[in-house]
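S.K.: Coordinates for the following, if possible.
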Amino acid sequence: MSRATDPMRMNWLWRLICEVADVQAAEMVEALQDMQVAVDQQRVRSWSVSDRDDSFFPMTIAEVERNMRALVASRIAMRADRDELDGNSAGAARGAFGAGNGTPDDEREPHGTAQGADRAVVAEEAVGDA
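M.R.: As a prediction, the model looks like this:
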């Protein structure tokens with residue numbers, strides 16, 4: 001692959017992620033807002049358009065990582081909620097990716113509000129620290 005990588009313009013990678021993971025703008029907005037990130041649909045859409053488009057907004061590698069962690073946490077929480085509604089709560093707290101890293105919740109650093117903190121912890125367990 002001959003693509004030069006500019007860590008301050010990772011929109012091309014974000015577009016690929018969105019295609020593979022079937023990420024919709026509304027889902028991303030909700031996931032980011034759950035993590036206490038102020039964002040709207042216009043900004044989320046601006047990451048997925050061509051850099052020649054007037055609404056284009058460059059995306060950094062740190063934003064790609066943050067978005068992936070928020071998306072993973074949101075999807076794990078949705079599965080846990082669905083499992084709980086189905087009466088199958090065994091294993092739902094562990095999420096879709098198996099066991100966590102073994103660190104008790106009270107030993108982790110805080111991540112904001114209670115809901116955002118829970119999702120951030122789950123995302124870290126599922127994805128791991130970079």
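S.K.: What ranges in the chain fall below the confidence cut-off?
M.R.: Low-confidence segments of the chain (pLDDT under 70): 1-3, 88-130.
S.K.: For it, which segments count as helices?
M.R.: Along the chain, the segments classed as helices by DSSP state H run 11-21, 25-34, 41-46, 61-85, 114-127.
S.K.: what residues does the shortest one touch?
M.R.: Residues outside helix 41-46 that contact it (Cβ atoms under 8 Å, 6 or more residues apart in numbering): 25-26, 28-29, 32, 55-57. To be clear about C-beta, it is placed using only N, CA and C from the backbone, and glycine gets the same treatment.
S.K.: Name the nearest of these relative to residue 65.
M.R.: Set against residue 65, the nearest of these by Cβ to Cβ is residue 32 (12.5 Å).
S.K.: Can you verify my assumption that that closest one contacts residue 68?
M.R.: No - assessed by Cβ atoms under 8 Å, residue 32 is found out of contact with residue 68, at 11.1 Å.
S.K.: which of these two has more neighbours?
M.R.: Taking neighbours as other Cβ atoms under 10 Å, residue 32 and residue 68 compare with residue 32 leading, 22 against 17.
S.K.: so what's the more buried one closest to, chain neighbours aside?
M.R.: Closest residue to residue 32 apart from its sequence neighbours, by Cβ to Cβ, 6 or more residues apart in numbering: residue 39 at 4.7 Å.
S.K.: re earlier: how about a markdown table for the contacts of helix 41-46, with distance to residue 13 added?
M.R.: Formatted as a markdown table, those follow (distance: Cβ to Cβ, whole Å):
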| residue | distance to residue 13 |
| --- | --- |
| 25 | 17 |
| 26 | 21 |
| 28 | 15 |
| 29 | 19 |
| 32 | 17 |
| 55 | 19 |
| 56 | 15 |
| 57 | 15 |
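S.K.: Find the nearest non-adjacent residue to residue 56, please.
M.R.: residue 49 (5.3 Å).
S.K.: and the gap between the one you found and residue 76?
M.R.: 29 Å (Cβ to Cβ, to the nearest Å).
S.K.: Switch the helices of the chain over to a markdown table; also include distance to residue 4.
M.R.: A markdown table is the format used below for the helices of the chain (distance: least, Cβ to Cβ, whole Å):
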| stretch | distance to residue 4 |
| --- | --- |
| helix 11-21 | 11 |
| helix 25-34 | 26 |
| helix 41-46 | 22 |
| helix 61-85 | 14 |
| helix 114-127 | 26 |
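S.K.: Many thanks, I have nothing further to ask.
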